[in-house]
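> What follows is a predicted structure for the sequence shown.
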Amino acid sequence: MLFDRAMSKPREERSLFLRDSCGDDHLLHQNILSLIEAADDAHLLVEAEQNDPRVGEEISFPGGGWRLEEWLGAGGSGAVYRGVRLNGGETDDPPQAAIKILNNRTSDRSRVDRFRAEVELLRKINHPGVVKILDTSFDHRVMDRTDPWIAFELVEGAAWITETLVCEADGDPAWSEPSRESSHTPMSLLLQACDIMSSVHATGIVHRDLKPGNLIVDPDGNVHVIDFGIAKLTEFIPDATTNIGLRGKDDPGIGTPAYMAPEQVDPSLGPISSRTDVHALGVIAFRMLAGRPPFEIGDNILAAAQAVRHVPPANICLFLPELPVAIAAVIERALEKSPDRRQADAGGFASELRSAIAGGDDEKPHRSSIMGGIAIGILVSLTVLWSWIASSGSTIDRASIMVPDDISTIQAAIDLVADGGVIMVRPGTYRENLDFGMGKDRNFGLISTDGPTVTVIDGAGRERSVVFIGNGFDDRTSIEGFTITGGQTGSRSPDGFRVGGGLYLRNNSVSVVDCRLIENRSTFGGNLYSKHFSGGIHQCVFSGGQANAEGGNAFLFRGDSNIQGSRFTGGFTTGDGGGIKVASGCHTLEHCVITDNVSDRGGGVFFVEFDWDPAELQILDSLVIGNTAFDGGGILTQRSDQGPVIQETILFGNKPNAISGPTSALASHENRDCWGDLDGNGVVDATELDLLLQNWGEHESRQAGDFDGDDRTDGRDLALLLDQWGSCPE
């Protein structure tokens, strides 16, 4: 790797090596430099802790000074010491301070500018929860010292917010605010931190390095935010007169990997903003409540950056099953990869958490996607407006709506339909993106009157799924008989790494029936992305999907889905799973055809099991044929001892091989050396044709098993398949 090769060079040769290696790719050059800088800082921190020579030194200037008494710790820009004021000072001045000194080995002009920036930014903030600056080298003409320093108020006896011993008095759960003032819960401490950061965001400042070590709690339970060393002043503040030269500069790769937002490692996702801090607060919230991080971040810096950009967070409810769904949804929103799907700032995050804790109507999560980032007041206003339109001069029964006879758009009908209602859609092409929102206490049917060949939903907007169905809907909600096309999400700018170009199913158990998802594109799951989805997908076609990263036609992430009688064909991705990628969860594919898909690994199906998740994939009575990959043309399994359970499924014509990875589960097949022998009698003959036709039936439209291309499935197609497969060995 380029980073590893650069790190192997002497420090003075790295810049020249990267300039030659990166060529005209300036962004790559900058990112690698940032990673090297972070690695060097980590090395310097270890050195600083061991027998620090500065302990005992004095910082003197006319009228006063400081003596360094004790090494306290270190940050990316230098070390921090306990300092005692010399000459007594003013009577109201604290006698001690935390003194941060810029390391002389990293004191180039840009570092000094950033150090000065920390002073200027902190002096714009007036909040008791933000440590105050008492003194700085920039306030004096210090002739005997070249290293800049800042003296902060010292918080005695402080601990990291994740290490604080909380008192759960009166049985207060971890996610509640305490029932009495003298007690503290993890949530109450987190909300304190959010309130402090809300004031910081109001001044136009983004911290950029929120983590437990920078949120400290004093013995009285008061939270303090520290270390604004890489903070940024946003451009929209009208009185921003700072001359530090860093306003609006995002510095890719700067921060702590485990708490960084995706836009901190990939600037094409959007600018650094208050939403960047919201992501970090979401990671901290997850860790404080679940006792573990939402992402598995290793020591390799580049791998960590990839995890921040691509890996979805774990499901917090797996580790804290009693956590209210409304609170989990607020934290999940804060961890969205796309900035505009998160809460706008720390105040918004805190407000949603408090509403979720309080319960009632206010606990419902905000709708994302189509309404992402818009205030809840606008949502209420729109709901009132639609209700007024429906009740004044309209005869619409909200339990039954016909589109376009009653309402011209499908989205308007979705916003109006009552619980248990149905929306019937007449033939036509509807150029809109549909957002079902969150489905608590409201389920309905969206059904075309004449089926998918004549009823089309064509995505009107970029960077949004054509259809998004969010939390809470159960199997009483269904979408039936549509072609879904025109979706394109995750084109890297401005909202890259969204998922599900055609259909995005998140935390629900709806039914999707007789739908065709055609040539949609996304970063993950070109035609379909499902996350914690436990519903059913029946008699659907997924064709021509493209994924920039993984899951050409479909990406199933955790959940417990049942997919029957569906076809996955012509999917393409440069990553894993041309047809389908399955990442943990318990999923069943039955009577399905997975054909003509292409990917790097797992041309037909790529199955990966995460260590902390239950995982089972069953492929039953299906065809996996004609798929192509560099490894595992048919099915590839990774990080699983068992692999998928495959029963009475034919794998044929996949290149370079039918199955790669663990195959011990295949032993349950009655005759695993002869995949065409469906009845297990050791011979491939006419009885196999009967079994196949019983499972799939004959169809007069192009369906599963149409191998001769005459737009129907019949005995000739299946005979052709079995003839090419050949008889079982004697």
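Done, it's in.
> Where does the prediction get shaky in the stretch 451-600 of the chain?
Scanning the stretch 451-600 of the chain with the threshold set as pLDDT under 70 gives 460-462, 490-498.
> Just give me the neighbour total for residue 73.
Neighbour count of residue 73, defined by other CB atoms under 10 Å: 14. Heads up, the C-betas are built off the backbone N, CA and C, glycines and all.
> Find the nearest non-adjacent residue to it, please.
Distance criterion CB to CB, 6 or more residues apart in numbering; nearest residue to residue 73, sequence neighbours excluded, is residue 80 at 5.1 Å.
> What strand or helix carries that neighbour?
Assigned by DSSP states H and E, residue 80 belongs to strand 78-85.
> Identify the residues contacting the closest residue to residue 550 other than its chain neighbours.
Closest residue to residue 550 apart from its sequence neighbours, by CB to CB, 6+ apart: residue 575 at 4.0 Å. By CB atoms under 8 Å, 6 or more residues apart in numbering, the contact set of residue 575 is 547, 548, 549, 550, 551, 581, 599, 600, 601.
> Can you give me the domain assignment for the chain?
The chain breaks down into these structural domains: 2-43, 51-154, 158-365, 400-669, 671-730 (assignment by automatic domain parsing).
> all strands of the stretch 51-200 of the chain, in order?
Secondary structure of the stretch 51-200 of the chain (DSSP state E, counting those that start in this stretch): strands at 58-61, 64-75, 78-85, 96-102, 133-136, 149-152, 159-160.
> Dump these to CSV, plus distance to residue 506 and mean pLDDT.
Shown next, in CSV, are those (distance: least, CB to CB, whole Å; pLDDT from 0 to 100):
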stretch, distance to residue 506, mean pLDDT
strand 58-61, 55, 81
strand 64-75, 37, 81
strand 78-85, 43, 86
strand 96-102, 43, 87
strand 133-136, 44, 86
strand 149-152, 43, 87
strand 159-160, 32, 84
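> Distance to residue 472 for those strands - can I get that in JSON lines?
Shown next, in JSON lines, are these (distance: least, CB to CB, whole Å):
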{"stretch": "strand 58-61", "distance to residue 472": "59"}
{"stretch": "strand 64-75", "distance to residue 472": "42"}
{"stretch": "strand 78-85", "distance to residue 472": "47"}
{"stretch": "strand 96-102", "distance to residue 472": "47"}
{"stretch": "strand 133-136", "distance to residue 472": "47"}
{"stretch": "strand 149-152", "distance to residue 472": "46"}
{"stretch": "strand 159-160", "distance to residue 472": "35"}
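> Of all these, which one is nearest residue 262?
Minimum separation from residue 262 across those (CB to CB) falls at strand 64-75, 23.2 Å.
> For stretch 624-634, buried residues please.
624, 625, 626, 627, 628, 629, 631, 632, 633, 634 (16 or more other CB atoms under 10 Å).
> Endpoint to endpoint, it covers what distance?
6 Å (CA to CA, to the nearest Å).
> tell me the mean pLDDT over that stretch?
Stretch 624-634 comes out with an average pLDDT of 90.
> swap in stretch 17-24?
On average, stretch 17-24 scores 67.
> How about stretch 320-336?
91.
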